[in-house]
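**Q** heads up, no residue letters with this:
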Ligand code: CDP
């Protein structure tokens, strides 16, 4: 059967990765979380003191970026892929609020985007891939056969992210999470390179009132329809 590229973009914490992972598992495609790649670079910058407030030391990062190796490896215990930074498993660290607070600043840097977009395009060369992010349907794979743009109300997204953080044992409160989501939406949508926007040919999904099962089924149906055409 012919393989396609599925691009899932949308706002922060709207459940993109949940639906993308579920579809990829069901149809035997590779799932790539492009946001995890921006989070790994951000973790590197935090650990190496490249941030002063929200300002990044761009001269040092430009020199170092070639030495930051991002890989994904399957975790047999969870069945999902974990992100690695230079062979160190950093999956837990990159999901922290500390990284969430800084990631949109790293993701707005032109040479960071250029490096990661190149790696993402290489991952899709063989097709059979589901990738989620902000610019997948517009910049990374403008020719993707199936494009989805997902959103939900900021309050619902904040509650979903808070539940996720608390389940992982992180201390977080609703107001901080909501503020972070709104700030990232703003920075992601207004930056010059690869801003968050719906591709003209993307299907819009507002999943504010949908259960996880309902959104997964919705995506599955869109995939089946696409294969028929
Ligand atoms: O899971 P969540 O919605 O919180 O975000 P994510 O997908 O992990 O992405 C984290 C951040 O990386 C976003 O807020 C963006 O600033 C950036 N990002 C991006 O600029 N381009 C992408 N393709 C993916 C993520």
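**A** Received the coordinates, thanks. Bear in mind the structure is a predicted one, so any value in this text is a computation, not a measurement.

**Q** what about stretch 73-89, distance to the chain center?
**A** Distance, stretch centre to chain centre, for stretch 73-89: 16 Å (Cα atoms, centre = their mean, to the nearest Å).

**Q** that one close to the ligand?
**A** No: using Cβ under 6 Å from any ligand atom, stretch 73-89 stays clear of the ligand, coming no nearer than 10.1 Å. The C-beta positions use only the backbone N, C-alpha and C, and glycine is treated the same way.

**Q** endpoints of that stretch, how far apart?
**A** End-to-end distance for stretch 73-89: 9 Å, by Cα to Cα, to the nearest Å.

**Q** what residues of it count as buried?
**A** If you call a residue buried by 16 or more other Cβ atoms under 10 Å, then stretch 73-89 has these buried ones: 81, 82, 83, 84, 85.

**Q** and which of those residues is nearest to the ligand?
**A** Distance to the ligand across the buried residues of stretch 73-89 (Cβ to the nearest ligand atom) is lowest for residue 83, with 10.1 Å.

**Q** list, one by one, the residues from the protein near the ligand.
**A** So the chain meets the ligand at 12-13, 34-35, 38-39, 103-104, 107, 133-136, 184, 188 (Cβ under 6 Å from any ligand atom).

**Q** narrow those to those in helices?
**A** Those of those mapping onto helices are 34, 35, 38, 39, 103, 104, 184, 188, per DSSP state H.
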